[in-house]
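**Q** Sequence first, predicted model second:
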Amino acid sequence: MAREINKLAARGLSAISKPGRHSDGGGLYLVVDRPTTGKDGKEKPGAKRWVFLYRDRESGNLREMGLGGFLSVSLAKARELAGEARSSLQAGSDPIEARRSVPDVVPTFGEVADDFVKAMTPQFRNAKHVAQWTMTLTEYAAPLRKKPVNEITTTDVLAVLQPLWLTKAETASRLRGRIERVLDAAKAKGHRSGENPATWRGHLANLLPKRRKLTRGHHTALPYARVPNFIADLRAREAIAARALEFTILTAARSGETFGAKWNEIDLDAFVWTVPANRMKAGREHRVPLTPRVVGILKELADFGTDPDAYVFPGQKRDRPLSVMAMDMILRRMKVEVTVHGFRSSFRDWCEECTHFPRELAEAALAHVVGDETERAYRRSDALEKRRKLMVAWANYCEPKKPKAAKAAQNDIFS
């Protein structure tokens with residue numbers, strides 16, 4: 001006998017795309033709208049939402065009670081809401097009228113934003129992505145956070161965006177999109193109605209100047225010839241952010257990989273940092289050979305504790321990593337107009353112009369995916385020991401000028 005309720009499986013919900021009602025039983029349905037065609041001519045999948053269907057006791061007419069959007073309301077929550085509606089029916093009350101009779105406490109923008117980020121976290125690529133959403137919706141959107149979400153207006157959104165729009169165009173654009181997503185989520189939960197005041201097309205596009213298009217694929221980099229002097233200046237600073245930046249430069253890592261590093265990823269006996277797949281852009285585990293200077297940085301940070309689940313670069317708040325803006329702020333204080341990511345380009349240019357290491361080795365050090373699927377299938381080794389020699393050479397190059405004997409001693413560790 002088929003189950004009368006709980007027919008749907010949470011694991012397969014995302015794959016449901018056929019337009020129509022998909023029953024979970026007991027009056028609960030997942031409704032999938034028909035696909036739509038965008039202005040670019042491309043078909044977009046239909047939206048999904050939860051509804052509870054029941055018949056009015058007096059008229060016998062079928063009524064539909066909205067329970068929220070698929071992305072903002074989980075299957076478990078939808079079942080809970082449907083259960084409450086069935087309880088109202090059993091008590092002789094109309095579920096929709098019963099919901100209307102309960103005073104609705106409208107959450108603030110900050111509460112909805114925090115809930116949205118929490119709900120979307122499994123969808124984000126890595127911890128850095130989560131941190132970026134959290135930071136923009138906390139710091140840049142601060143004026144909105146204490147305001148009831150149903151009272152957010154176009155004027156409120158503009159007050160947040162305009163100070164950033166011309167000076168931090170990319171940040172402002174991302175912030176606008178994130179505010180729009182949060183307000184859409186609030187509407188799906190029934191906390192707002194009407195048009196979204198953060199919508200760009202046909203709305204804010206008429207109130208804010210168009211941004212200049214960025215040159216994609218490039219991050220301002222420091223010429224590799226200037227890196228040793230930069231490292232010398234960096235070491236004069238005692239901040240943890242300065243150590244994090246030097247660690248990032250010497251390992252050719254992405255900043256998010258550094259911020260999220262935990263002690264359980266570090267093997268100081270084998271001189272290896274293993275970044276798990278879920279924190280890598282390519283979704284594959286990446287082993288990083290640790291050079292003597294990097295090991296020295298880690299031993300210096302060990303004074304803060306080496307609990308396996310603790311962050312290597314701890315932030316000011318307990319159990320939180322260093323702020324995603326920390327290394328950028330170091331660069332600003334040093335008045336060096338480059339990006340953290342640009343140091344990966346400095347490393348790549350140095351490999352190309354100053355060494356005889358193969359291109360594939362440099363790309364592997366940067367955790368880039370090289371070649372097609374067939375080629376990668378035959379290249380199963382990550383060439384850790386070969387990359388170790390490359391990274392020692394890079395660390396030696398970055399080392400501020402010192403007596404030759406000291407530099408020779410540094411090489412002896414891995415000889």
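**A** It's in. Residues are numbered from 1 along each chain as shown.
**Q** okay, CA-based contacts and neighbour counts for the rest of this
**A** OK.
**Q** Are we agreed that residue 24 is in a strand?
**A** Yes. Assessed by DSSP: H, G, I helix; E, B strand; the rest coil, residue 24 belongs to a strand.
**Q** and the closest residue to it other than its chain neighbours, helix, strand or coil?
**A** Closest residue to residue 24 apart from its sequence neighbours, by C-alpha to C-alpha, 6 or more residues apart in numbering: residue 7 at 4.6 Å. Three-state call for residue 7 (three-state DSSP): coil.
**Q** Does residue 7 touch residue 25 like I think?
**A** Yes. Residue 7 lies in contact with residue 25 (C-alpha atoms under 8 Å); the separation is 6.2 Å.
**Q** residues in contact with residue 271?
**A** By C-alpha atoms under 8 Å, 6 or more residues apart in numbering, the contact list for residue 271 reads 289, 290, 291, 295.
**Q** Narrow these to just the buried residues.
**A** 289, 290, 291, 295 (16 or more other C-alpha atoms under 10 Å).
**Q** Tell me how many other residues crowd the closest residue to the third one other than its chain neighbours.
**A** I take that to be residue 291. Of all residues not flanking residue 291 in the chain, residue 392 sits nearest, at 5.7 Å (C-alpha to C-alpha, 6+ apart). Around residue 392 there are 21 other residues, counting by other C-alpha atoms under 10 Å.
**Q** Okay, and residue 392 sits in which element?
**A** When elements are assigned from DSSP states H and E, residue 392 belongs to helix 384-398.
**Q** any idea how far residue 190 is from residue 107?
**A** Distance, residue 190 to residue 107, using C-alpha to C-alpha, to the nearest Å: 11 Å.
**Q** same question, residue 282
**A** Separation of residue 282 from residue 107 (C-alpha to C-alpha): 37 Å.
**Q** Comparing the two, which shows the higher neighbour count?
**A** Neighbours were counted for residue 282 and for residue 107 using other C-alpha under 10 Å; residue 107 has more, 17 against 13.
**Q** Can you pull the phi/psi pair for the closest residue to the more buried one other than its chain neighbours?
**A** In this structure, residue 107 finds its nearest non-sequential neighbour in residue 148, 5.7 Å apart by C-alpha to C-alpha, 6+ apart. Residue 148 has phi and psi values of phi -50, psi 140 when expressed as degrees, to the nearest 10.
**Q** residue contacts, residue 148?
**A** 106, 107, 108, 109.
**Q** could the contacts of residue 271 go into a markdown table alongside secondary structure and pLDDT?
**A** Output for the contacts of residue 271, formatted as a markdown table (DSSP: H, G, I helix; E, B strand; the rest coil; pLDDT from 0 to 100):
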| residue | secondary structure | pLDDT |
| --- | --- | --- |
| 289 | strand | 95 |
| 290 | coil | 96 |
| 291 | coil | 95 |
| 295 | helix | 95 |
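**Q** Taking those residues together, which two end up most distant?
**A** Using C-alpha to C-alpha, the contacts of residue 271 span at most 10.0 Å, a distance reached by 289 and 295.
**Q** Quick one, grab the pLDDT at residue 31.
**A** Residue 31 carries a pLDDT score of 92 in this model.
**Q** So which residues of this protein form strands?
**A** Assigned by DSSP state E, the strands in the chain fall at 20-25, 28-32, 36-37, 43-44, 48-55, 62-69, 266-267, 272-275, 286-289.
**Q** how close does the residue nearest the centre of the chain get to residue 70?
**A** What sits nearest the mean C-alpha location of the chain, by C-alpha atoms, centre = their mean, is residue 129, with 1.3 Å. To residue 70, residue 129 is 22 Å away according to C-alpha to C-alpha.
**Q** For residue 347, the count of nearby residues, please.
**A** Count around residue 347 with other C-alpha under 10 Å applied: 25.
**Q** just checking, it touches residue 224?
**A** Yes. Under the criterion of C-alpha under 8 Å, residue 347 makes contact with residue 224 at 6.9 Å.
**Q** what's in contact with the helix of greatest length in the chain?
**A** Criterion DSSP state H: the longest helix present in the chain is helix 169-188. Here helix 169-188 makes contact (C-alpha under 8 Å, 6+ apart) with 68-69, 72, 109, 112-113, 116, 133, 136-137, 140-141, 149, 157, 161, 164-165, 192-193, 196-199, 211.
**Q** So among those residues, which ones count as buried?
**A** The buried subset of those - by 16+ other C-alpha under 10 Å - is 68-69, 72, 109, 112-113, 116, 133, 136-137, 140-141, 149, 157, 161, 164-165, 192, 196-199.
**Q** show me what contacts the closest residue to residue 4 other than its chain neighbours?
**A** Distances taken as C-alpha to C-alpha, 6+ apart put residue 25 closest to residue 4, at 5.2 Å, once the chain neighbours are dropped. Contacts here follow C-alpha under 8 Å, 6+ apart; on that basis residue 25 touches 3, 4, 5, 6, 7.
**Q** that older thread, which residues are contacting the helix holding residue 392?
**A** By C-alpha under 8 Å, 6+ apart, helix 384-398 touches 227-228, 231, 250-251, 287-291, 293, 347, 357, 361-362, 364-365, 407, 411.
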